[in-house]
Structure formats: structure tokens, C-alpha cells
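1. What follows is a predicted protein model with its sequence.
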There are 2 protein chains.
Amino acid sequence: MRLHDNVAPMTDLKVSAETGEISADVREWRQLLARHADLTCALDRELQAGHQLGMSEYEVLERLAELPEQSAKVQTIAKSVHLSQSALSRVIGRLETAGLVERHMCPEDRRAINVRLTDEGLVRQTEAQPTQRRVLANRLHSPLTKTCDAPST
Amino acid sequence: MRLHDNVAPMTDLKVSAETGEISADVREWRQLLARHADLTCALDRELQAGHQLGMSEYEVLERLAELPEQSAKVQTIAKSVHLSQSALSRVIGRLETAGLVERHMCPEDRRAINVRLTDEGLVRQTEAQPTQRRVLANRLHSPLTKTCDAPST
DNA sequence: GTGCATCTAATGTCTAGGCATTAAATGCGC
DNA sequence: GCGCATTTAATGCCTAGACATTAGATGCAC
């Protein structure tokens, strides 16, 4: 679960010192977890089934496709995606293997790598986008039954 | 990423057929992802550092502690936690090894397992709860800088 | 009773992803 | 120039968790 080093050192602050009650925060947190699980699950399944893409792969493709130059340094991508640097490196590796992006050396900084969307990558992202949008539209504001069955049929 | 079988078969529905724009849904989805990553990361880190508990372990302890009888069948717990049946079984295994819960056979249905919070488990959950509440209070509505650094100091 | 479908929880296996380390490149101090 | 800290991306290693399978228990049909 843990992510890179995102977390501030703990300091104490208003703890409402609840005893046994379920606080509003906890209710909201559980809703967030439920929504996240539902969407993540649906997106992953539909992107995989329809376009052979995992959610992280799609996210990276999408970020590249949004840029006018359709390429970016790994570091830049890292800032807009919730993945550790190593995980991102591996996602890019999978995308490269699949022929959807290419890795190129940066001439001006030879430590950095430029990741460029290939034509096929753009096609794939363009195909997958409606799937993602449809899932979001269907589920982002749906009632949340926890057993998240079939609200869209 | 994928979860059990939560997902409905795809059917087409209002796709707003956006072209290149970032839709409101996408913005909302990215916020959800960011919030989830931030909280997950912070909770996991603080629960681990302060109480030797992962987030999933804590969630299960909390669910049990909320029940008057402080025990439940695995199946029942599964319904309130976003884990596959196998993952839950392993979380319970870790909790059992740590002495925080006990597994007992159900007399009335010998397939089922009753999971009971031990005294130590209750103590641990009680100690950890303020940590969880503090993190939620600090971060659940904080501005979201994506590089989620130190909003609480 | 004997099958047989169903349900329960545990486990084998695999992948994604996190942390730590590494190698290469940079750039600054000297 | 020569070191040395910093930055970049890749990789080794490990854990959590998902899917598939398994073993045991149940219960119904007959």
C-alpha cells in the first residue's frame, strides 16, 4: 500500500476523541474506499477486456496523449500519476514492449529519458478513451451498493 | 488491481463523446485517485509506525471491535471490506499470528470460521483508532497538492 | 442411505507495485 | 583538471492481493 514518501511526520491535531461512534470522517472514508474499489475494478476489467490495457498503462497513455508534443520525461509523467518511480518505470517498460511508447535519450540531459507515444499508442488510447469515459459516467455517481453489481444494465 | 467479480457487463450509455477536453468526470476521478493515494499512504505509514498494523489489518480489527459480540464469520467480514476472499483470509492469518484475533469453528455450520477479537486485539485497535481518526481529520479535506507534503505541521 | 450441486475458507501461483540499491550523468567546489 | 553530492531511470528483492483451485461441510434429490 505504502507510497513513496508522501507523508508528513505525525503531529497531533483535533482528534474528536470519539468513543465508539462512527464519525462522519470515517463514513466519508469508507465511501471513498468503496468508490475507489468499484471504479478501479470496473476500469481495470473493461480496459483489459476491450483494449488490453491495465489502468496504470491507460493513465500513462492518456497523460502523453494530452500533451501537444505527445512525449515527456519520465520525471514529468511521475508527477501526474500516483505510482512510485520504479512502478512507473515498469509501466513504461510494458508499454514499450507492447509498442505503444518509445524510450529515447534526452540530448540535453543524458540521464533523462523521453517517453514518446507511438502512432499505435495514440490509436490505442483514442480507442480506449470512450470506454474509460463510459465507465466513469456510469459509476462515478452511482448509488454504491458495496456489492457493486450491475447498476448499468 | 482487479477485484473479485464486482463488475457489470458493459453496456453502452451516455458517452458524452468528448474529443480532447478533460471532462468533469475525469477531473473528479483524478481527484478521487489523488485523495485515495494520499490517505492510503498516510494511514498505512502511521498505523505501521505507531501500531504495527497495516491498513487492511486495522480495518478488520475495527469491524470486529464495532460488533457487540466482537466476532464474526469470515463471510460477514468480507461483506464490509474491499478485499477478495483470499486476501481477507490472509489478513486474518496475519492477525491470528500476531495474537490479535482467534479463529474458531462454527458449531452450527462447520464450514464457517468465526473470527474473534482477542483482548490484545481490542487493546491494539483501541490504541490505533485515534491515529486513524487524526489522519482522516488532517487529510480528508486538505487541499491536495498531489506532492502531498506536510499539510499537518 | 448415495450421489451431486453449493457453499465455506485456505492455499498455489502469479502480477503489480513499493523500497532500496545501482549506474550513469550532471554540475558544483576546489 | 579532480573529486563529490545530486539527480535520473532501471533493477533486485519482497509483500500484498487477485484469480483459480482445493478440501471439507452442507443439504437436497432420489
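-> Arrived safely, thanks for sending.

2. For chain A, which segments are assigned as strands?
-> Assigned by DSSP state E, the strands in chain A fall at A:71-73, A:101-105, A:113-117.

3. and the longest helix that chain A contains with DNA strand C, contact?
-> Longest helix of chain A, by residue count under DSSP state H: helix A:24-51. No. Helix A:24-51 does not reach DNA strand C (CB under 7 Å from any atom of the strand); its nearest approach is 8.8 Å. Any C-beta I mention is one placed from the backbone N, CA and C, and that applies to glycine too.

4. and that helix, what does it pack onto?
-> On a contact count with 3 or more CB pairs under 8 Å, 6 or more residues apart in numbering or on different chains; DSSP states H and E, helix A:24-51 meets helix A:55-66, helix A:119-139, helix B:24-51, helix B:119-139.

5. what about stretch A:34-46, average pLDDT?
-> For stretch A:34-46, mean pLDDT rounds to 95.

6. cool, and stretch A:125-142?
-> On average, stretch A:125-142 scores 95.

7. List the contacts of stretch A:67-86.
-> A:3-4, A:56, A:59-60, A:63-64, A:88-89, A:91-92, A:104, A:106, A:112-117, A:122, B:33-34, B:37, B:146-147 (CB atoms under 8 Å, 6 or more residues apart in numbering or on different chains).

8. can you put the strands of chain A in CSV and add distance to residue A:141?
-> Formatted as CSV, those follow (distance: least, CB to CB, whole Å):
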stretch, distance to residue A:141
strand A:71-73, 31
strand A:101-105, 33
strand A:113-117, 31
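
9. Kindly compare burial across those strands and name the winner.
-> Scoring the strands of chain A by mean neighbour count under mean count of other CB atoms under 10 Å in any protein chain shown gives strand A:113-117 as the most buried, with a mean of 19.

10. and it, how far out from the chain's middle?
-> With CA atoms, centre = their mean, to the nearest Å as the basis, strand A:113-117 stands 18 Å off its chain's centre.

11. How about that strand and DNA strand D, touching?
-> Yes. Using CB under 7 Å from any atom of the strand, strand A:113-117 reaches DNA strand D at residue A:113.

12. That strand vs helix A:119-139, what angle?
-> Relative orientation of strand A:113-117 versus helix A:119-139 (axes from the mean of the first three to the mean of the last three CA atoms, to 10 degrees): 70 degrees.
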